[in-house]
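Peer 1: Coordinates for the following, if possible.
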Amino acid sequence: MTTATHALDDAVSFDYRHLDLESKDDVYVVGDVHGCLDALEALLERLDLGPNDLAVFVGDLVRKGPESKAVLDRVRRSPQLLSVRGNNEQKILEGSASLSALDSTDHQYLESLPTAISWDGGLVVHGGVDPTRPLSAHSADDVSTMRSPNGDGYDGPFWFERYDGPPRVFFGHTVLAEPIERAWAVGLDTGCVYGGTLTAYDVGRERTIRVPGTGHVDRSAEKIVGDDS
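Peer 2: Numbers count the residues shown, from 1 in each chain. Predicted structure coming up:
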């Protein structure tokens, strides 16, 4: 099986930002917020970020929940908070979805979000990667929307079931009943906006931190991976 390469380089066709974690203390990766400001504030209070800590979001800061603009403001104004661009941010930029509350500053911020954020051994994207292709064969849309390379959305099989790294990929997009913590894949969209939780992953200590979400939107169990209820 051909796997994604260990480090990103100029061969990839999507934009990314590379971080040096040697200069950071605690680093977290945070799942899909979807406009849920209360859950975001509760999680940030739990994380209690120090001046040399960092939280990286997997994208989909916006839409579905009620306070997309406030979430964008919260993330944009803090140097300790970074995000990749999710498919919902991309929909706004392409005009296939809209949020009337967003202004030109918000749109400029969405434009500035990279498709991926990487560090030595780690990669944050919104969707995922195809285990059968190197990263150089992925488009921005691929890594932003990946769920089932050879299937149909939530019918599976899911990319993370076969992916064996490196790098270790941190992702959202696919709604999970519980976080996924595997050697090479960490899934963090635990359905905050659907009444699940907002989840952060502590990269250094390899643990999850979760706060309750609010059910602003209904979602069928068939579209929550691992929800057998």
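Peer 1: Need the three-state assignment for A42.
Peer 2: When classified by DSSP: H, G, I helix; E, B strand; the rest coil, A42 comes out as helix.
Peer 1: same for the helix or strand harbouring S144, what does it pack against?
Peer 2: According to DSSP states H and E, S144 maps onto helix 140-145. When contacts are defined as 3 or more C-beta pairs under 8 Å, 6 or more residues apart in numbering; DSSP states H and E, helix 140-145 packs onto helix 87-94. C-betas here are computed from N, CA, C, even on glycine.
Peer 1: chain center to the next helix or strand after the helix it packs on: distance?
Peer 2: Per DSSP H and E, the first helix or strand lying C-terminal to helix 87-94 is helix 104-112. Its chain's average C-alpha position is 18 Å from that of helix 104-112, according to C-alpha atoms, centre = their mean, to the nearest Å.
Peer 1: still on that earlier bit, what helices and strands are in contact with the next helix or strand after the helix holding S144?
Peer 2: Under the assignment DSSP H and E, the closest C-terminal helix or strand after helix 140-145 is strand 168-171. Applying 3+ C-beta pairs under 8 Å, 6+ apart, one finds that strand 168-171 contacts strand 122-124, strand 185-187.
Peer 1: Return the list of strands paired to strand 168-171, each annotated with direction.
Peer 2: Here strand 168-171 is paired, per DSSP bridges, with strand 122-124 (parallel), strand 185-187 (parallel).
Peer 1: residues in contact with the residue nearest the centre of the chain?
Peer 2: Closest residue to the average C-alpha location of the chain: V58 at 1.7 Å, with C-alpha atoms, centre = their mean. V58 makes contacts with 29-32, 83-84, 86, 124-126, 170-173, 188-189, as judged by C-beta atoms under 8 Å, 6 or more residues apart in numbering.
Peer 1: hang on, the earlier thing: what does the helix holding S144 contact?
Peer 2: So helix 140-145 is contacted by 13-15, 59, 85-87, 90, 115-116, 125-130, 173 (C-beta under 8 Å, 6+ apart).
Peer 1: Drop anything exposed from the residues you listed.
Peer 2: Neighbour counting over these (16 or more other C-beta atoms under 10 Å) leaves 14, 59, 85-87, 90, 115-116, 125-130, 173 as the buried ones.
Peer 1: any low-confidence regions in the chain?
Peer 2: Low-confidence segments of the chain (pLDDT under 70): 1-10, 227-229.
Peer 1: run the last query once more with 50
Peer 2: Scanning the chain for pLDDT under 50 picks out the ranges 1-6, 229.
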